[in-house]
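Chemist: quick one: sequence and predicted model below, then my questions.
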Amino acid sequence: MSQGGGRPAPAAMDAPEVFPAAACVVPPSWAWQSNVRVLRSFGAKLCERENRIALCTSGSFVYAVALYEGWLHAHKGHPSRLRFSFRYARAQLLPSIIWLTASPQDVAATGGYPPSARGLPVLRSVDCAHLRHRIFVLQCLRSVVFGFCGIAQILQMVDSASLAKHEYQERVRSGEEELFSGLAAGPAGVSGRVLRLAGRTSDSTITSLSRYGPRVVPVYEDPNETSTAGLLRGHSHGHTVPLYYRIPARAYGKSEFWGHVNFDDDWFIATKSGRRLLVAEADSSVGDEALALSSEESTDLTPSDFSQGFRMVRRKLHRHYKVDSVDGAGAKDGSVALARVVLIDEETSVRSGGGGVETVREYLASRDEADIYIDAKRPLLAEIKRWVESCRADASTPVVFDTPNPRYFRSVKTQLERHGITVMDRCDPEASPGLPHLVYHNTTPETVNAALSLIHAEISATGRLCVLLDHPDGLADMRDQGLTDVPYVCSSEVFDRKFAQVRNLLAQDVPSAEVQAMLDAEGQL
């Protein structure tokens, strides 16, 4: 539970941060890499078959015309006549674009052609009107051909440059551009990235991106989703730096959608003992209704989705590295240790075709689908319980739950009363203004507004009111409304903190079984 927007008190699971603040910025070299990729795309467009044919055809024609023109300027029988003609033809290529002609006298002077045996210079006098007319016609011909073709090519180059930049930004926007390298070359000199399977939306991932920047690489099913499009535009610096991927819904196991996803040494976290660790995370919580504490029977990222995603990650790693388990040797034998971390409601039921029932954690553990499980309900319940105990006089003091949603009320009431906390509706006759109030409405702005109303109407005091938030934007809303001293529980912050605690412990070489035991112990209420 956080109060007044401050950082949570250190937990028993806390370990040194893998990604310090100085390491969570975009390296300056990435701006250069962005320009290089646009230039490569631009060069590829210039070298397309149609452009090559048009340029070579027009250029060859102009060169041939200018070659004959130079032949007419030179004395017949002069030993350097052919050599001069070739030099003259080369000199006319660029001037022909703008209807100019390089002077034959200048070409001859720069070529240093000796006189012939009879003392004749390489150039002859063009006194004959017929000869001058022929040369003039040739000059007009090459200027017309190369002038129009040259201008067309220049316009095509400008259009290609604009199109190359647009297509590059479109690939970044759609999550189809390969990430940049050189992350360890940043100010902190720290390597390591985290892959986060975020499904369609993920509030915890929004918080992670704001805190860890390029260190957390989300995989979204649709980056154009209204709730994430604006965030990703800012995160990718206006779609100029690739920092996220897209895998369509129900396509996590299809290799054609993973072609642009590649892993190199930039991805690996160096553990305390020198192992190389790749952390792959999955957010399979409901996100925007996490604090309802109800059963999560349906999430956009299903166990089958992240199971397929983890397998594709392992397959991609196998192309260049020997892949070991989370507690494997890592760099000691040249391999990479892969850690699979899942955020999920562990009490969710999984039913078999024959009618059997087991929890989702039992189901996943029996098939070795993940290494560490973060429960999506118990940490939130623990935060709420901690606040309740801090603000009520004794164990018999009830809590007023202010919500317009009957489902929210039933689920939160059921969960809290399991732990001896009496929950009352705001319309209950005994719900006096002096009692502790929990506020949780259908949307984050509605929740903040309701909290503000309770305080202004003096129904609840600042210290006896706790705001339940799912989306991190709610924290900014509270600051804007002057609610900086009001306690809150933000599910996206709690989940982000749990993900960070897990990878920090793994980086300290704490065995995954011990990390899981710590998580389970924290969840014992």
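Modeler: Ah, there it is. Numbers count the residues shown, from 1 in each chain.

Chemist: now do the same for residue 65: its pLDDT.
Modeler: For residue 65, the model assigns a pLDDT of 91.

Chemist: again with residue 332
Modeler: Predicted confidence (pLDDT) for residue 332: 64.

Chemist: also residue 295?
Modeler: On the pLDDT scale, residue 295 gets 65.

Chemist: over to residue 207?
Modeler: pLDDT, residue 207: 93.

Chemist: ok, residue 191 next?
Modeler: Reading off the model, residue 191 has pLDDT 80.

Chemist: and the one 5 residues further on, by the same measure?
Modeler: Taken from the predicted model, the pLDDT recorded for residue 196 is 97.

Chemist: just residue 292 next, same as before
Modeler: 67.

Chemist: repeat for residue 79
Modeler: We note a pLDDT of 87 for residue 79 in this prediction.

Chemist: what do you get for residue 400?
Modeler: The model's pLDDT for residue 400 equals 93.

Chemist: how about the one 4 residues further on?
Modeler: In the prediction, the pLDDT value recorded for residue 404 is 93.

Chemist: please apply the same query to residue 489.
Modeler: 94.

Chemist: for it, give its distance to residue 52.
Modeler: The gap separating residue 489 from residue 52 is 63 Å, by CB to CB, to the nearest Å. Any C-beta I mention is one placed from the backbone N, CA and C, and that applies to glycine too.

Chemist: for burial, what's the neighbour tally of residue 477?
Modeler: Other residues within reach of residue 477, judged by other CB atoms under 10 Å, total 19.

Chemist: I'd guessed it sits against residue 448; true?
Modeler: Yes - contact criterion CB atoms under 8 Å: residue 477 and residue 448 qualify, at 4.4 Å.

Chemist: in this structure, what residue sits furthest out from the centroid?
Modeler: residue 118 (76.0 Å; CA atoms, centre = their mean).

Chemist: now the helices for the stretch 1-150 of the chain?
Modeler: 29-46, 49-73, 81-91, 93-97, 104-111, 129-173 (DSSP state H, counting those that start in this stretch).

Chemist: mind putting those in CSV, mean neighbour count included?
Modeler: Listed next are the helices of the stretch 1-150 of the chain as CSV, based on neighbours: other CB atoms under 10 Å:
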stretch, mean neighbour count
helix 29-46, 16
helix 49-73, 16
helix 81-91, 19
helix 93-97, 18
helix 104-111, 15
helix 129-173, 16
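
Chemist: which one, of the ones you listed, ends up nearest to residue 398?
Modeler: With CB to CB, the closest approach to residue 398 among the helices of the stretch 1-150 of the chain belongs to helix 129-173: 50.4 Å.

Chemist: could you find the closest non-adjacent residue to residue 506?
Modeler: residue 339 (5.5 Å; CB to CB, 6 or more residues apart in numbering).

Chemist: for the residue farthest from the centre of the chain, give its distance to residue 85.
Modeler: In terms of CB to CB, residue 118 sits 20 Å off from residue 85.

Chemist: low-confidence stretches in the stretch 301-450 of the chain?
Modeler: Within the stretch 301-450 of the chain, the segments meeting pLDDT under 70 span 329-333.

Chemist: ok, now with 80
Modeler: Scanning the stretch 301-450 of the chain for pLDDT under 80 picks out 328-334, 393.

Chemist: now the stretch 51-200 of the chain
Modeler: In the stretch 51-200 of the chain, residues with pLDDT under 80: 51-52, 54-55, 97, 111-112, 114-120, 126-127, 146-158, 183-190.

Chemist: would you confirm that residue 87 contacts residue 111?
Modeler: Yes - Residue 87 lies in contact with residue 111 (CB under 8 Å); the separation is 5.3 Å.

Chemist: quick one, strands of the stretch 401-525 of the chain?
Modeler: 423-425, 437-439, 465-469, 487-490 (DSSP state E, counting those that start in this stretch).

Chemist: would you mark the buried spots in the last one?
Modeler: Judged by neighbour count (16 or more other CB atoms under 10 Å), strand 487-490 contains these buried residues: 487, 488, 489, 490.

Chemist: about what we covered before: could you dump the helices of the stretch 1-150 of the chain to a markdown table with distance to residue 203?
Modeler: Output for the helices of the stretch 1-150 of the chain, formatted as a markdown table (distance: least, CB to CB, whole Å):
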| stretch | distance to residue 203 |
| --- | --- |
| helix 29-46 | 27 |
| helix 49-73 | 47 |
| helix 81-91 | 65 |
| helix 93-97 | 58 |
| helix 104-111 | 71 |
| helix 129-173 | 21 |
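
Chemist: could you pull up the contacting residues of residue 312?
Modeler: 252, 253, 255, 258, 261 (CB atoms under 8 Å, 6 or more residues apart in numbering).

Chemist: okay, now the spatially closest residue to residue 26 that is not a sequence neighbour: neighbour count?
Modeler: Using CB to CB, 6+ apart and skipping residues adjacent in sequence, the residue nearest residue 26 is residue 214, 5.6 Å away. Residues within reach of residue 214, counting by other CB under 10 Å, total 25.

Chemist: for the spatially most central residue of the chain, give me the pLDDT.
Modeler: The centre of the chain sits closest to residue 244, judged by CA atoms, centre = their mean, with a distance of 1.9 Å. Looking at residue 244, its pLDDT stands at 96.

Chemist: what count of nearby residues applies to the residue nearest to it when sequence neighbours are not counted?
Modeler: Leaving out its chain neighbours, the residue that sits closest to residue 244 by CB to CB, 6+ apart is residue 218, at 4.8 Å. Using other CB under 10 Å, residue 218 has 27 neighbouring residues.

Chemist: what's the answer for residue 246, then?
Modeler: 20.

Chemist: any of the contacts of residue 312 buried? List them.
Modeler: 252, 253, 258, 261.

Chemist: and the two most separated of those residues?
Modeler: Farthest apart among the buried ones among the contacts of residue 312 - using CB to CB - are 253 and 261, which lie 13.3 Å from each other.

Chemist: thank you kindly, that will do.
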